[in-house]
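Engineer: Pasting the sequence and the predicted model now:
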Amino acid sequence: MSIKVKICGITSAQDANAAIEAGADALGFMFYEPSPRNLTIKAAREIIRSLPPFITKVGVFVDAAESTIREAISECALDAVQFHGNEAPDVCRRFPIKVIKAFRILDTGSLAGLSLYQTNAWLLDSFVSGKHGGTGAVFNWDIALQAKRLGTPIILAGGLTPENVVDAVRKVQPYAVDVSSGVESAPGRKDRDKMKSFITAAKSTG
């Protein structure tokens, strides 16, 4: 099966449709105000309405209020939610759609709590102090291999670019890869050529 590719931090309909044309399987919409890629629910809804069918729409949240998450799911017709904060395992079980829990990986000790989260997938991102993703930093992919042995589908993120995604996929063989800053010309602005190169490279390994 060909690896799935998620382009995260979409902020415009133009970038969303360019990602789809490049072959993206999923798009991530950031509902986190400190992020340069943050969207209001209304703005995300308008972008999502412009999309063709069969594209997975993922809402990304960081310790958000449950009411906010439920509003975004309803208003934006989200297919999945991705939790990037300190959400407890029971919080992740409260929603009626697929759930991805993100973990910031510093070392093998970062894997200690993964098994508490019985979610549909685990996203492994780089640990950068004070940041909740989108940093462009790479972590040790050997740790991702250890996480994969726990049995939950792995989404690999953290510092992936068109230049290194092939090596990452060949080493880890994750279910999917997730990229944001690695295909941008500026924070929140996707680069069409970088997205095409990234997706072509990732899917060439299948």
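Structural biologist: Yep, that arrived.
Engineer: In terms of secondary structure, what does the longest strand belonging to the chain contact?
Structural biologist: Ranked by residue count, the top strand of the chain under DSSP state E comes out as strand 98-105. Strand 98-105 is packed against strand 80-83, strand 121-126, with contacts defined by 3 or more CB pairs under 8 Å, 6 or more residues apart in numbering; DSSP states H and E. From N, CA and C alone the C-beta is placed, and that goes for glycine too.
Engineer: Tell me the strands beside that strand, with direction?
Structural biologist: Strand pairing for strand 98-105, using DSSP bridges, gives strand 80-83 (parallel), strand 121-126 (parallel).
Engineer: out of everything not next to it in sequence, what's closest to the residue at minimal distance from the centre of the chain?
Structural biologist: Most central in the chain under CA atoms, centre = their mean is residue 178, positioned 4.7 Å from the mean C-alpha point. What sits nearest to residue 178 in space, not counting adjacent residues and going by CB to CB, 6 or more residues apart in numbering, is residue 157, at 3.9 Å.
Engineer: what's the spacing between residue 39 and residue 13?
Structural biologist: Plainly put, residue 39 is 11 Å away from residue 13 if you go by CB to CB, to the nearest Å.
Engineer: So residue 71, which state does it fall into?
Structural biologist: Using DSSP: H, G, I helix; E, B strand; the rest coil, the structure places residue 71 in helix.
Engineer: wouldn't it be in contact with residue 44 here?
Structural biologist: No: using CB atoms under 8 Å, residue 71 is not in contact with residue 44; the gap is 10.9 Å.
Engineer: higher neighbour count, these two?
Structural biologist: residue 44 (24 against 14; other CB atoms under 10 Å).
Engineer: so what's that one up against?
Structural biologist: Contacts of residue 44 were listed using CB atoms under 8 Å, 6 or more residues apart in numbering, and they are 29, 31, 59, 72, 76.
Engineer: Any chance of CSV for the residues you listed, columns distance to residue 146, neighbour count and pLDDT?
Structural biologist: Converted to CSV, the contacts of residue 44 look like this (distance: CB to CB, whole Å; neighbours: other CB atoms under 10 Å; pLDDT from 0 to 100):
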residue, distance to residue 146, neighbour count, pLDDT
29, 30, 27, 98
31, 31, 24, 98
59, 28, 26, 98
72, 33, 23, 98
76, 34, 22, 98
